Structure formats: C-alpha cells, structure tokens
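Q: sequence isn't available, so here's the structure alone:
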C-alpha cells in the first residue's frame, strides 16, 4: 500500500469527529476534546461533529451518522466505544472517507480473541475500500501547519520536527515539553496498535516529507523488521533520526505487549541497526527531547572543546566533572585569557577564574556579556555552556529578579552578537516561582536560537551525540578529515 | 585537636555577627543575611550585630567591635572583607570566643601567596587561643535544633540527617530541595577551605552525634586521607553515610582547586575506600538527595521484587525498562491477581493489567486504594512504586485537580493502612501550575512517611543502593542469610 495517501491524515479538507458529546466539558479527552483541539489549532477545513443524538455544539450542527454529513469527508476521528467500530467503518466506506483514526481502545492490545478479531474486521473493511487506519488505541495526529490536533493546548506554530510516537501519553508530554524548549513540529503521529499505518509507513513518509527536517521516533515494537530497517536507513541518510526504543527489558516488553500489542525485539539488534544507519539512539524521554532541541538549535558544531561558565563554586566543580564524563574537552585557559578575565572583575574573592569558571558574586556587577566576548575571541574553545541556577541565592526578590534577567539577557545578547555558539543549562529549582522563571528564561533563549537543557550532564551528552553524528555523517559522505 | 569543642558552633549561647550593615536589605547574603537567618530560625541565645559604624538594626544594638560586646560570646560569624580578618581574630581572642566562622572569601582558594599567608596567620591566632575556625569561604552552619542558620528560608524543624558539604551553594540547594521531600536535618556544615574544621573532624563529630542518624558528605578533597578513611569507616559502621565525591575528572579537580583549594584525589581510590567501609557512593546531587530520602523514609526493605503501578501506557513501558535496568525485579503477577484486579475495573480498554500496571482512564473511577490493597495481600512482591504524572491529560482544571488529589490520597491511605511499603514517583511537569501540584503532593506523601522521587530511574537506583547497603551491613554483622 502506498504511503502517499497519508496526506489525508495530515491535510484533510474536511474532518468528521464521531462521539462528540454535546454536554461534554471543554478540554476533556474524547470526541469533544478533538473538536476543541481542531478549532483551537485553527483547522481551516470543514468540521463535522457526529453523535446519534444530533443537536448542536460550539455553533456546529451535530450529525447523527457520518453518512448524513452533507459534504465530502476525508478524515474521521473515532472516539466512540469499540462496539460501534464496524458500523462506523461501513459508514465511512459508504461516504468515501480516505482515513479513519481510532482514539477508541479495546482492540488487539487487550490480548483477547474478540478484540483481535474486531481489529481484523475493521482492517478488512479499510483494505476493501482503500481507507487508511490510524490506531486504534492512540491520540492520532497533530499537524500545526494544517490545524489538525489532538489536544487544545498544543503550540499552533509549525516547525521542522516530525515525531513518530506509538504511545499517546508520551506524544502529549513531548509535544508540550519540547515546545517549552523551542521545538516546533511539522507532524506528530501517535499510532497505537499500528493495525494499518505503522512505524515503517511513517518513517517513509517523514523521510520524503519536505516539511520535516528532523525525525523523532519512539518505538515499542515493529511489525516488519526488515521493512523498518530499510525505511530507517533511507530516512537517516537524509536527515537526523532520533530513536527511543522502549520495551528493551523483559518487564518493559511485557508492558509494551499489553499497551499496543507490540513485540519488542532484542535490544542488541536495535543497537546494531541504529548504529549502522547513523541514527541517534537515546535512552530516556528527556534525552529524546534533548536531541530534538540539539538538532533544532545547535546544528553546526566545530569541535568538542567547551568553556563552562556558571554560578556557584560547587555547581562549577560538578559541571567540570559531568561535562568531562560525557566526553567533552574542557581545556585549560591561557594565562592571557585568565588575566584579562580577572581584570574585568572588581575582586576575585568568591570566584573561580579557570575553566570551568564561576563568577558568583562578581556576576552581578560584570555580567556574562564581557566574559562571553572574551571567550568568542579565544581560539582554543569551540563553544560555551552557560549554567544558570534559578533561585540559588537568597536576596530580596526584586534584586534577584533583576540579576537573573541581566544574566539571561547577557547570554542572549552574546549569542546574537558573537559568532561562537552558546548553549544554556537552567537548573536547580526549589520554589514554584523559580519554575516560572525557568519557563520564561527558556523562552527568551530559544527565541534567540539557543539550545536549553536541564542539566550539564544532559547538555554535554547531547553535544557529544551531535558531534558523533556529524563525524559519522561526514565519513558516509566521504568528506571526513 | 579534639572535636568536642565543635559544640560551640552548633550550640552557642551567644553569637556575634561581624559585618552587619544597618542599611542592608532583608535576606541579602552577608552579615545582614546571617542576622535575619538566626532570628527567623529561632535562635534563643544572645545575638550581637557588629559594625564599626555602630547604630541599631532590627531592634538590636550594633557594637563597633567584638571586644565592646557586654556579655560573653561563643561564636562569631565574619562577613567582613578578608583584609579585616586578622584584627577580628585578635578581638575574638581577647574576648574568649570559642569558634569563628568566616563567610568571607579571598584566602587560600585564590591560589596566590598573600591569600595563603593570610589564612595561615588567621589559623595561627586561632591555634594559639584554642579557637576553632569554620571556613573561610563558606556558608557555615545550619542547626535547626539550636536556631543557628545561614539562610532565612531554611526549614525550622530539626531531623536526623547530618550534612557535611564543603560547597556553600550546594549546601543551600540541598538544604532547601531535600526539605521539600521531607528530609529534616540535625546539622549542616559548609566548611569551604577547611583551614581548621575539616571533613575528618565533621565526620568524627557526626559519627558520635546522637542527634544524627544518617550522614550526607559532599567532598571536594581531603586534607588527610588516612585520617578521613578512619573517620569514614567508624561513621559507616554506626550509621548510613552517603558520599558525593566530586572533582573526579581533571577539569572538575581544577575547579575544586580554585573553589576551596582542594586536592581532589584519584577517583578509583575513592571508589575502593567507600566500597570497603560500606558507605554509599552517589554520582550526582540529585542522587545524594535521593539517598537521604531513601534512608529517611524507606528504612527496612525486605527484597527487590516490585510492583509498578502508574498512569499512561508509554510511561508504564518506560517504567518497566528503567526499574529492570536499575536492578529491581518486576515479577509477572499470578493469573489470580490479574483476574481480581481486572474485576475491579469497569472496562479493560486503555489499561495494562500486568506488572507493570497502567489503569489510565479507569484510575479515575477505581482509584489506587483497592489495587494497592490487592498488592499488599500478594506475597510475590516486596514493595510498590506508584508513578504519577502531573498534568498529563487535558481536562477541565477542576476535574483534573479532583482526580489528582484522589490518586495522591489513595496512595497515602494505602501506605498508612497496609503493611507493605509504597514509594512514589512524581514526574512530567510542563506547566508552572503542575510544579505547585507536585510540591503539594510531595508534602502529602512525606508527611505520611512515603519516600518521593523525580523519576522511576532515580527511585529504582535508590532502592537498589539501599538493598545493597543492608545486605552488606548484614554480612558485616554476621547475620546474613
């Protein structure tokens, strides 16, 4: 089956949503939630809520059945119980629908004969009428460019990251959390049981998709190992592919089998395959987001020699350890650079003039801008990691806010003014207000094109993976050395 | 030098604070900050602010010199510039002061001859007059039982955890953050350059201290390796000691040398020593806090067989992987338990009835209490990890709050009602309000005696370390098997 008709799930002209309650509350999961999501995400085509009871919701007529909708319908979202699935499919076939997404669960993932049989029958109708099926048992599609969405609070701005994520909960979390670090998506698909549209189709689609420049793939299991490997290889030869393979332990695999009916496959086989095609393997959700941030914002690294600049003596010692352990090189600064930096300070007391560097109290007065200027002119480092600790020091809130804003603004200015890349780590929150500060500071950073991380460890690990990726990609292109 | 006179730094009858500005702002680092901190922490002895200008601050008379204070003074906090240190020491000697803490920096840590010489002269006066010196270049002492504190926002409640932390910034962060997870402190000391009072003195003191049941030690370097090893061995034979050794890489060691003038020592030597005495080594600040939480709240594990109960299919697959990778055993449940659990649910659609288990949508109706009851009666598991994801699902806020509170309350009730331990992971925040929910949920949990972690990985790693600690402790006591 060609993947070209996946276009209907990303760019439908008209969407029907089956199972929209007229009494449902805003922002609730289910049919009403999908209706809200499409409207808030700015879907510009026709939207048809469907419910046997009819009526009206959010100013739209509710149709009792898909077949009673007046105009053509490309794409149907089903949020009705599994027991109504076959009847819905018959209606979709009669209506000439191109694709159906089943948010509905209660199919093969339960591991029982009736659910497996029902999924088979849904698929049989789909195949007979050339209808593509997303799911069942998943969140479906988020495509900000067309206004298709599965949640009303997702970012409306489109970007270049495509996400293939079997799990709905993880797709939600990552779509939200990565957005807070500046990642913008071309297409996100949570495809659940993968009865029809599966990881291979989606990988092929994303590989060809001109709107997608970076691919994130969360895989519980694959239906066709050889086919997926071909798709992954093709995709990875064209753009960065970041793979989070889960279900890698016996108990994880057991959960994956119950979650989406997936057969997880041996961990080592995955390791070999991902390495071979120069995709990037990560181990956790956070690392998965980290690499999307890294490929989005820190695209052209020159080398692994880093300057570490931060706040707090202990934090600076830890920063040196963690960046080293993750494979970065932290060169000693020249005496000349050390002297010129020390010359910028009122006093050296309570600072660490070295690499890693800690300005502590002097940061309030000097700021980071002149230091980053000196680093930008110093040939022995390739980039700088600045680490900021929100709310570390007790001060009157207005003074603290002023200092905090100055440091963040200095980093943003320096990144904009000088050629040398800066990446930022924002860590150490204890009080709720610090979390808000962090959210704001992250936004300032990514708006200026700066990659932001939660720890030195994660920042360094991500940079190391990026450098390794580019080195291997250069070897493949025959341009190494 | 005996460590017995360290009592003066934890339980002074009168404290003088040198360098209190009468125009300083509340909660600012420096003399004024120390004065605020002692007053807010409820210090019950005499407090004497000192400043050559005299005057009055917060209703207290400011004395121009320590020698002009009318009554006796046990303990002096110095927040004056390093240039005034010798004169201050002479005054302290004349006044019969027992201990001086130098917040002041600008001594040996700068690595320059004049600073090294100054520190030597301070120490020489101290030795001559039997004065103990804390620091210089550190935050000093927090002892909630006596009301000595270095920051006005630290918890006033005392507890059983003693923290030895060379770094001031890390001491602040951990004192705050660990408190948010229920850890309460007996004594915390940030000792900076360790010119006199050092890690060995403090380890000896904490080992003997009846108020300290658990010791946390953050070490940049030690002055006397053999002495420290003896102190560590003695302490670890009496109570759990959690060691975060930093400066373990070349660049980390370089930062440590500039930070507190420490010689970091070879990482492998530390590994061997810590292993040999059955202390617990951790790699990050977060793991350090995790182990303090673990020893505080999860004291008597029976074994490593765990039930995983959570929210979200993808999160559940990841939970299985991460707990397995960290050395826990996740047994398959018996058919009987699976059937009885399934019987509690309205529908199995969208759930994972297995171990790891995900109730997802059904959690709203069934809650966790009856599930945890079934687990408590099931002999094949030793404890349960419940993982909760704040704000995963879009719902009207009031519904979400209600569900969230029900789940947290169910866990607290189950932990209280049944004999089997439950530990909790709260993760996945994207919006600032979720951070506040997390803070509240953590508090509910630790108030009920439940250990709370930020990820399955961290919870599992901590449990594994705890089990290993107790197994080795049993071997030492000759009670293994």
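A: Noted; the coordinates are in hand. What you are looking at is a predicted structure, and each value in this text was computed from that prediction instead of being measured. Residues are numbered from 1 along each chain as shown, chains lettered A, B, ... in the order given.
Q: if I look at residue A:188, how far off is residue B:14?
A: 64 Å (CB to CB, to the nearest Å). Bear in mind the C-beta positions are built from the backbone N, C-alpha and C, glycine included.
Q: the more surrounded of the two?
A: residue A:188 (26 against 17; other CB atoms under 10 Å in any protein chain shown).
Q: what about the more buried one, which SS state?
A: Put simply, residue A:188 is strand when judged by DSSP: H, G, I helix; E, B strand; the rest coil.
Q: any idea how far the nearest residue to residue A:441 once chain neighbours are set aside is from residue A:256?
A: Computed as CB to CB, 6 or more residues apart in numbering or on different chains, the closest residue to residue A:441 that is not its neighbour in sequence is residue A:408, at 4.8 Å. Counting by CB to CB, the gap from residue A:408 to residue A:256 is 41 Å.
Q: the two: which is more packed in?
A: The neighbour comparison of residue A:408 against residue A:256 (other CB under 10 Å) goes to residue A:256, with 31 against 24.
Q: what is the three-state secondary structure of the more buried one?
A: Following three-state DSSP, residue A:256 is assigned to helix.
Q: my guess is it meets residue A:248, correct?
A: No - judged on CB atoms under 8 Å, residue A:256 makes no contact with residue A:248 at a distance of 9.3 Å.
Q: what's the neighbour count on residue A:56?
A: 10.
Q: what's the answer for the one 3 residues further on, then?
A: By other CB under 10 Å, 6 other residues sit near residue A:59.
Q: got it, and residue A:324?
A: Here the number of neighbours of residue A:324 (other CB under 10 Å) works out to 21.
Q: list the contacts of it.
A: A:330, B:249-252 (CB atoms under 8 Å, 6 or more residues apart in numbering or on different chains).
Q: wait, a helix at the residue nearest to residue A:441?
A: Yes - the assignment for residue A:408 is a helix, going by three-state DSSP.
Q: state the distance from it to chain B.
A: Residue A:408 sits 17 Å away from chain B, going by CB to the nearest CB, to the nearest Å.
Q: and for residue A:82?
A: 7 Å.
Q: go ahead and confirm that residue touches residue A:109.
A: No - counting by CB under 8 Å, residue A:82 stays clear of residue A:109, with 10.7 Å between them.
Q: which residues are in contact with each of these two?
A: residue A:115.
Q: near chain B, which residues of the stretch 101-250 of chain A show up?
A: The stretch 101-250 of chain A has residues A:104-106, A:110, A:137, A:151-153, A:165-173, A:176-177, A:180, A:218, A:220, A:246-250 near chain B, with proximity defined as CB under 8 Å from any CB of the partner chain.
Q: among those, name the buried ones.
A: A:104-106, A:110, A:137, A:151-153, A:165-173, A:176-177, A:180, A:218, A:220, A:246-249 (16 or more other CB atoms under 10 Å in any protein chain shown).
Q: which ones among those residues lie within helices?
A: A:168-173, A:176-177 (DSSP state H).
Q: can you give me the domain boundaries for chain A?
A: A:4-138, A:157-297, A:306-470 (automatic domain parsing).
Q: can you pull the contacts of whatever residue of the stretch 51-200 of chain A ends up closest to chain B?
A: Here the residue of the stretch 51-200 of chain A nearest chain B is residue A:167; by CB to the nearest CB that distance is 2.6 Å. Counting by CB under 8 Å, 6+ apart, residue A:167 makes contact with A:190, A:218, A:220, A:259-260, B:312-315, B:317.
Q: now render those as CSV, adding pLDDT.
A: Shown next, in CSV, are the contacts of residue A:167 (pLDDT from 0 to 100):
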residue, pLDDT
A:190, 96
A:218, 96
A:220, 90
A:259, 74
A:260, 72
B:312, 84
B:313, 85
B:314, 87
B:315, 89
B:317, 91
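Q: now, the residues you listed that are in helices?
A: A:259-260, B:313-315, B:317.
Q: now those as CSV including neighbour count and distance to residue B:359?
A: What follows is these, written out as CSV (neighbours: other CB atoms under 10 Å in any protein chain shown; distance: CB to CB, whole Å):
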residue, neighbour count, distance to residue B:359
A:259, 36, 13
A:260, 29, 17
B:313, 30, 11
B:314, 28, 14
B:315, 28, 12
B:317, 36, 15
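Q: between the residues you listed, which sits nearest residue A:430?
A: residue B:315 (24.9 Å; CB to CB).
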